[in-house]
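Student: give the three-dimensional model of this entry:
(4 chains, ligands or ions: 2)
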Amino acid sequence: MTQTREPAGSGHEPARDDDTIPDTPLLDRKRQLRGYRINKMAMGLGDPANREAFKADEAAYLDRFGLNAEEKDAVMRRDWREMIRLGGNLFFILKISAVDPIRITEIGAHQVGMDHETFLRERLGKKV
Amino acid sequence: MTQTREPAGSGHEPARDDDTIPDTPLLDRKRQLRGYRINKMAMGLGDPANREAFKADEAAYLDRFGLNAEEKDAVMRRDWREMIRLGGNLFFILKISAVDPIRITEIGAHQVGMDHETFLRERLGKKV
Amino acid sequence: MATLIGGLGTSHVPSIAAAMDKGLRDTPEWQPFFDGYLPAQEWIRYHRPDVAVVIFNDHYNAMFLDRVPTFGVGCADEYHPVDEGWGPRQVPPFRGAADFSWHLIDTLVENHFDPEIIQEIKVDHGLQVPMELFWGRPENEWPVTVVPIFVNVLQYPIPLPSRLYNLGKVLRRAIESYDSDQRFVVIGTGGLSHQLQGARAGFLNPDADQQFLRDIADRPDELAGWSREKYVQTFGSEGGELIMWLVMRGALNQQVTVRHRHYFAPASMTGAGMILLEED
Amino acid sequence: MATLIGGLGTSHVPSIAAAMDKGLRDTPEWQPFFDGYLPAQEWIRYHRPDVAVVIFNDHYNAMFLDRVPTFGVGCADEYHPVDEGWGPRQVPPFRGAADFSWHLIDTLVENHFDPEIIQEIKVDHGLQVPMELFWGRPENEWPVTVVPIFVNVLQYPIPLPSRLYNLGKVLRRAIESYDSDQRFVVIGTGGLSHQLQGARAGFLNPDADQQFLRDIADRPDELAGWSREKYVQTFGSEGGELIMWLVMRGALNQQVTVRHRHYFAPASMTGAGMILLEED
Ligand SMILES: [Fe+3]
Ligand SMILES: [Fe+3]
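Tutor: Ligands and ions are numbered 1, 2, ... in the order given. Predicted coordinates:
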């Protein structure tokens, strides 16, 4: 394993261009203000009744938390990179993966813009 | 007005005998642990629906918060001194006086064991 | 850089709110109390501060015992009046000075304070009453934004008086390092002497109150050195909340001029009063 | 007076919990990770601590952004596992050492710290995983009581590393002044290097992790002096939570002996490991 893995040149724009540390979205003031609605919606999925509501009618559930069109679209498409860009924090939106399973390494790969195998190999040093 | 008014010798036992400052029930560890249920119940009265429930069936409302017989009795008799002795804090139980009006000076007089006029005159220096 | 134009201290007794709501302002019982605030209101109208940092305590209306912060800083855009049992009072919501709040929180954390960061909360009479006393109740909108600082003065252990005094010093540093031309006032609230519970209920200490109104201007270091017990002993169980005035005083220079001082007892069961301080 | 018998540091990755829940402990992928904890488990069985002070963070399972304490101390009698989206894990509730918790809170406030006082809360994998790693999952009851210290390591501003190190020093004072013959361990949790979000997701830094496992024993003052940014730069956005180990280290004497050290990468997406320290 190498000491520091540089992000691969995936051609993706960075999630946010004013990060103190490149490509590292911290839950700082700007980001969490922007993501407040998404995060509150996702936090709600810690409650079984809300999980049922989410499964039964996802759009209605998202409306309940006042998500705008862009935010709704990102959630409904399971666009993890976009959810993060919109201020979502992983520990909140991870609760979506409890309702609609996906591995965390797949969420990672998606954000980086790599296929899962490449991500496991290049970032995590797995032999795949 | 005098500098410090000593509690009148009302013959009442003090609300608690291990107060650091005599006759001064602070929301310290012991007292608030003891009063947790009463205080939570009273805090609930900040919600209009709970106020309606309290008015409609007081005993049932108190049961919802797990009050024991002694606590229920103190609340239902509006025994302010006893509620405080049981760990109730005034800022919580004051919400009962919003549902079932009584002046705060009457609550004070009751705790001291004076009639209201005497309390106003002797403690608060009012000319009554 | 932002400017701190003065410090205010005042009682925040809920009966004051009730008196205003019931239109009792000009009754013989209340008029002397309210009239004592006129010079401060005039000062506010003349100086038009942009931001009021209000140090107060929630009286178990917006927070329960499950989680009690030693102190917390609001950084919301808006703070609505909370339902204290009678329904929310008909007071316009308070607009937050969120940008400064975040700067203050950053400054506090860098200076070894441990605030709770509060983004969503309602406010009770502890903030409402001081705002109405100094600005009057507006029709629609408050002419000033607020930064609420919530202090635990009810559940023990409450903070040391010296801690709150030092919090004021860091608050000043935050104001002075804030890149803005806004003008700030800092308002310490609570007290003066009162006790609402126990066999000592109705305790008042007007002499100590008046002494406090002198010492908070001239001998703040001494007041900051008092123990919590001494506050409760001197001012009553609820009067101990006077320690919140130390945040205001800590934010000001050592040398201040008292522009106005007012004392009235009792308002309901409380020794009530205010002070207006300017730096020399 | 109570005794501090040692300090533990460990990762608290949720995948570890998932691996245990799914019975993957002895699979080739996980066995080397779990086997590395055997010596610490043996040490625990031999020394039988009465109280574990666990420094961890809630991952937005029990607290939301409305009110984020910089740090909080639990003083409940019981802490139940929280529902993180999959339903609460089948782990017995943790019994609190409430009496010591209150003593700690008193001591902290007297020493100019500003804790949130937490009486009712549930706990997530941040506490569950370290407890299971060191004690194993009991059938019915944990053989040890806990004092959870919740630290904000997610919402900025997070506390300074030096502040957490000093918090550890006051924690030690609280243990040493606690009138009891109970035996304490302090457990710092989180890390090691990992980043779960952004284009830098999957970032790992095994060399820095191993260096940290050496320096936390030998050069804690140096690590306490690092900036928050340096932690994130070195260990990734989520790896920055390693600052919580400084509370554990601050509670111990300057001179310590490393009884055991273990590193494994990656556990899921995280550099994972532990350390067991005894005072000389
Ligand atoms: Fe108050
Ligand atoms: Fe964590």
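
Student: run through the helices of chain C in chain order.
Tutor: For chain C, the helices defined by DSSP state H occupy C:14-21, C:31-35, C:38-47, C:98-110, C:125-135, C:161-176, C:206-218, C:220-225, C:228-235, C:245-251.

Student: so, low pLDDT: which residues of chain C?
Tutor: Chain C contains no residues with pLDDT under 70.

Student: for chain D, what are the nearby residues on it?
Tutor: Residues of chain C found near chain D (C-beta under 8 Å from any C-beta of the partner chain) are C:65-72, C:105-106, C:109-110, C:112-121, C:152, C:155, C:157-160, C:163, C:166. C-betas here are computed from N, CA, C, even on glycine.

Student: out of the residues you listed, which are buried?
Tutor: C:65, C:67-72, C:105, C:109, C:112-121, C:152, C:155, C:157-160, C:163, C:166 (16 or more other C-beta atoms under 10 Å in any protein chain shown).

Student: surely C:Y263 meets C:A272?
Tutor: Yes - at 7.5 Å, C:Y263 and C:A272 qualify as touching, with contact defined as C-beta atoms under 8 Å.

Student: the longest helix along chain A - contacts with which helices or strands?
Tutor: In chain A, ranked by residue count with DSSP H as the criterion, the top helix is helix A:29-43. Here helix A:29-43 touches helix A:58-64, helix A:69-76, helix A:90-93, going by 3 or more C-beta pairs under 8 Å, 6 or more residues apart in numbering or on different chains; DSSP states H and E.

Student: relative to chain C, how far out is the most centrally placed residue in chain A?
Tutor: What sits nearest the mean C-alpha location of chain A, by C-alpha atoms, centre = their mean, is A:W80, with 3.4 Å. A:W80 is 24 Å from chain C, where distance means C-beta to the nearest C-beta, to the nearest Å.

Student: how near is that residue to chain B?
Tutor: A:W80 is 38 Å from chain B, by C-beta to the nearest C-beta.

Student: identify the bridge partners of the residue of the stretch 1-150 of chain C found nearest ligand 2.
Tutor: Ligand 2 sits closest to C:I117 of the stretch 1-150 of chain C, with a gap of 18.3 Å, by C-beta to the ion. Here C:I117 sits in beta bridges with C:V73, D:V68, going by DSSP bridges.

Student: so what's it up against?
Tutor: C:G72, C:V73, C:C75, C:I105, D:R67, D:V68, D:P69, D:T70, D:N152, D:Q155 (C-beta atoms under 8 Å, 6 or more residues apart in numbering or on different chains).

Student: which one of those residues is nearest to B:F65?
Tutor: Of all the contacts of C:I117, D:R67 has the smallest distance to B:F65: 22.8 Å, by C-beta to C-beta.

Student: mind listing what the strand of greatest length in chain C pairs with, with the direction of each?
Tutor: Longest strand of chain C, by residue count under DSSP state E: strand C:256-267. With DSSP bridges as the test, strand C:256-267 is paired with strand C:270-279 (antiparallel).

Student: surely C:R172 and C:A2 touch.
Tutor: No - in terms of C-beta under 8 Å, C:R172 does not count as a neighbour of C:A2; the distance is 10.4 Å.

Student: pull up the overlap in contacts between these two.
Tutor: With C-beta under 8 Å, 6+ apart, C:R172 and C:A2 have no common neighbours.

Student: now the longest helix of chain A: how far from the chain's centre is it?
Tutor: Using C-alpha atoms, centre = their mean, to the nearest Å, the mean C-alpha position of helix A:29-43 is found 12 Å from that of the whole chain.

Student: contacts for that helix next, please.
Tutor: Contacts of helix A:29-43 (C-beta under 8 Å, 6+ apart): A:16, A:18, A:25, A:61-62, A:64-68, A:71, A:74-75, A:83, A:86-89, A:92-96, C:102, C:119, D:60, D:64-65, D:155-156.
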